[in-house]
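J.: After the sequence you'll find the predicted model.
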Amino acid sequence: MSNQNISRYVRQEIFRGIGKAGQEKLKSARVAIVELSAIGTAVANNLARAGVGYIRLIDGDYVDITELQRQSLFTEEDAREERVKAVVMQEYLRKVNSDVTVDIHIASLDSGNVDSLFEDIDLVIDATDSMETRLLINEACHALKKPWIYGGALASSGMTMTFLPGHDKPCFKCFLGDEEYVPGEQPTCATEGVLCSTTSMIASLQCAEALKILTGSKDLRKDLLSFDLWDNSFDTFVIDKDPDCPVCGKKEYRYYGKISGAHTVSMCGKDSMQIIPSHEGEVDFARYADKLQHQGTVKYTQYTLDFDDGDVQIKLFKTGRAIIKHVSDEQRARAVYAEYIGL
Ligand SMILES: [Zn+2]
């Protein structure tokens, strides 16, 4: 047999759980990955190599030097040039596996775009570090009847669970219970740190579950898996469906289907605030460069426009979303946006 006749997926095709039939299913499978975090980049890499036919990357961020410790595939050059993560990943994955369609969406997931980003997808991978985004994923996947795989990592501990559509299945809110989510009060990777081992572990667990779901395996993990790599603990917990759950019990969604106005989000691990306008559109960078050039340095690419006047630093995206750097105060971020961008 010549090399050309050996499938690149031979190690998966001889694996009892997948086989040639399973590999064909992967080829026609469609997966969305929410955020190109350490978990998201590892999952994207793993699934592209495994031959998942269509991968949609949803992320509105750029590469930062502090992320290289755990975000595989990004380089110092990417960080230096503050390249858009989704674009870097798309270029890389196309080189890794040209059979795979890599679709990118350079924005955060929100209630306004979630329908169009999830409706033609077979499986959603949660790789966000925002609880608000995760609660939106949970509600959207319940409403749209999509399976999704939760993955969270903080310091040396991680948690993952597979959520499937179905009347008898628990959802993420069943697991959270009555615990109220207070924005800004959750511990984050910026305050607690995180190990690459933790995020890689979660990504591996999610990928194995993804391959099972996409090939129709009956061997899915049903419980919540929780571990701490520093304390050497590995546990599973049974999560029961809560009949009074506002999401899967009553369909009272708090995030899904709600149109929010312009909002500000602090960015995990970055000393920055993000402003998301209520109406996104196509920004004419040339026009803005012309307008801002008298106030500071402006440079732009196909995807982003950077402005710096020595005091204020702004990264503006095509949709009108902007990251205001070195600002931790919401009011200040909004004021900067209004003064310089003012869409
Ligand atoms: Zn529920």
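T.: It's in.

J.: Please state the mean pLDDT value computed over stretch 115-130.
T.: The average pLDDT within stretch 115-130 is 96.

J.: Off-centre distance for the helix or strand bottoming out on mean pLDDT in the chain?
T.: The weakest-scoring helix or strand in the chain, judged by mean pLDDT, DSSP states H and E, is strand 263-266 (a mean of 74). Computed by C-alpha atoms, centre = their mean, to the nearest Å, the separation of strand 263-266 from the middle of its chain amounts to 17 Å.

J.: Each with direction, which strands does it pair with?
T.: strand 272-276 (antiparallel) (DSSP bridges).

J.: what does the strand it pairs with rub up against?
T.: 60, 108, 110, 262-267, 321-330, 332-334, 337, 341 (C-beta atoms under 8 Å, 6 or more residues apart in numbering). Placement of C-beta: from N, CA and C, glycine included.

J.: okay, now the nearest residue to residue 133 once chain neighbours are set aside: neighbour count?
T.: Of all residues not flanking residue 133 in the chain, residue 109 sits nearest, at 5.6 Å (C-beta to C-beta, 6 or more residues apart in numbering). Around residue 109 there are 26 other residues, counting by other C-beta atoms under 10 Å.

J.: before we move on, the earlier item: let's see which of the contacts of strand 272-276 end up in strands.
T.: Of the contacts of strand 272-276, the ones assigned to strands by DSSP state E are 263-266, 322-325.

J.: which bits of the stretch 101-250 of the chain sit near the ion?
T.: Within the stretch 101-250 of the chain, the residues that sit near the ion (C-beta under 5 Å from the ion) are 171, 173-174, 245, 247-248.

J.: ok, now with 6 Å
T.: Within the stretch 101-250 of the chain, the positions adjacent to the ion are 170-171, 173-174, 242, 245, 247-248 by C-beta under 6 Å from the ion.

J.: residues of the biggest helix by length in the chain that come out buried?
T.: Counting by DSSP state H, the longest helix found in the chain is helix 196-215. By neighbour count on 16 or more other C-beta atoms under 10 Å, the buried set for helix 196-215 is 198-215.

J.: For that helix, C-alpha coordinates in PDB please.
T.: The C-alpha trace of helix 196-215 is given here as PDB (Å, rounded to 0.1, in the frame of the first residue of the first chain):
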ATOM      1  CA  CYS A 196      -1.700  25.200  31.500                       C
ATOM      2  CA  SER A 197      -2.100  21.700  32.800                       C
ATOM      3  CA  THR A 198      -5.600  22.500  34.100                       C
ATOM      4  CA  THR A 199      -6.800  24.000  30.800                       C
ATOM      5  CA  SER A 200      -5.200  21.300  28.700                       C
ATOM      6  CA  MET A 201      -6.900  18.700  30.900                       C
ATOM      7  CA  ILE A 202     -10.300  20.300  30.500                       C
ATOM      8  CA  ALA A 203      -9.800  20.600  26.800                       C
ATOM      9  CA  SER A 204      -8.900  16.900  26.400                       C
ATOM     10  CA  LEU A 205     -11.900  15.800  28.400                       C
ATOM     11  CA  GLN A 206     -14.200  18.000  26.300                       C
ATOM     12  CA  CYS A 207     -12.700  16.700  23.100                       C
ATOM     13  CA  ALA A 208     -13.200  13.100  24.000                       C
ATOM     14  CA  GLU A 209     -16.800  13.800  24.900                       C
ATOM     15  CA  ALA A 210     -17.200  15.800  21.600                       C
ATOM     16  CA  LEU A 211     -15.900  12.800  19.600                       C
ATOM     17  CA  LYS A 212     -18.400  10.600  21.400                       C
ATOM     18  CA  ILE A 213     -21.300  12.900  20.700                       C
ATOM     19  CA  LEU A 214     -20.400  13.500  17.100                       C
ATOM     20  CA  THR A 215     -20.000   9.800  16.300                       C
END
